[in-house]
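*Asks:* coordinates only, sequence not included:
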């Protein structure tokens, strides 16, 4: 059964921190924290199913960043693989065609954008309307003003991620309108 945007939002109300994991040790630590959702930012075609399975056994909602999985090409078939061979709830990607494919397969979608200039900013609105992701993730999280403006221009919940150094960064992003933050900083997972 597909995770709904409403269920996602309920999870962020319980805990607005999404654990982002980039190594095996972090998988184990996910079982020790209250974060309901986990973004998987590592693995390969041989291990991704095991990583997701372990997190699901911990009761986590799991999103796989398909752009970062070794052995996956930038092809729609990698999304098909996630849907068929893992228990992942959804995917993260910077690639619009992968978001579209995941939507077709009934996976929850998080479209990630790296905010580097005004052209990127303008493209966020265009791509969100074209790909229809469930949620948008903006990086880096410290761009409170940009987060505030984009939240008013796109009709999607926003996650802020990247360069979250402390609790002040979390509060700043949430105050700007983000509904959650995603971080590999395990100290933030515990706060």
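*Replies:* Thanks, I have the structure now. Please read all numbers here as calculations on a predicted model, not as lab measurements.

*Asks:* what count of nearby residues applies to residue 171?
*Replies:* By other CB atoms under 10 Å, the residues close to residue 171 number 12. Any C-beta I mention is one placed from the backbone N, CA and C, and that applies to glycine too.

*Asks:* mind checking pLDDT for it?
*Replies:* pLDDT recorded at residue 171 is 94.

*Asks:* hang on, it is in a helix, isn't it?
*Replies:* Yes - the assignment for residue 171 (DSSP: H, G, I helix; E, B strand; the rest coil) places it in a helix.

*Asks:* and it, what is it in contact with?
*Replies:* Residue 171 makes contact with no residue, according to CB atoms under 8 Å, 6 or more residues apart in numbering.

*Asks:* can you start the count at 19 instead of 1 from here on
*Replies:* Taking 19 as the first residue, the last one we looked at is residue 189.

*Asks:* now do the residue nearest to residue 164 when sequence neighbours are not counted against residue 171, distance only.
*Replies:* Using CB to CB, 6 or more residues apart in numbering and skipping the chain neighbours, the partner closest in space to residue 164 is residue 133 (5.6 Å). Here residue 133 is placed at a distance of 13 Å from residue 171 (CB to CB, to the nearest Å).

*Asks:* overlap of the contact sets of the two?
*Replies:* residue 142.

*Asks:* who's more crowded, these two?
*Replies:* residue 133 (18 against 12).

*Asks:* the more buried one is in contact with residue 141, isn't it?
*Replies:* No - judged on CB atoms under 8 Å, residue 133 makes no contact with residue 141 at a distance of 10.2 Å.

*Asks:* and residue 198, how many neighbours does it have?
*Replies:* For residue 198, using other CB under 10 Å, the count is 27.

*Asks:* how about the one 4 residues further on?
*Replies:* Residues contacting residue 202 under the criterion other CB under 10 Å number 18.

*Asks:* out of everything not next to it in sequence, what's closest to it?
*Replies:* Closest to residue 202 by CB to CB, 6+ apart is residue 38, at 4.7 Å.

*Asks:* ok, the nearest residue to residue 126 once chain neighbours are set aside - contacts?
*Replies:* Of all residues not flanking residue 126 in the chain, residue 108 sits nearest, at 2.9 Å (CB to CB, 6+ apart). Contacts for residue 108 (CB under 8 Å, 6+ apart) come out as 21, 80-82, 120, 125-128, 152.

*Asks:* redo that, cut-off 6 Å
*Replies:* Residues in contact with residue 108 (CB atoms under 6 Å, 6 or more residues apart in numbering) are 81, 125-127.

*Asks:* before we move on, what about residue 88?
*Replies:* Contacts of residue 88 by CB under 6 Å, 6+ apart are residue 62.
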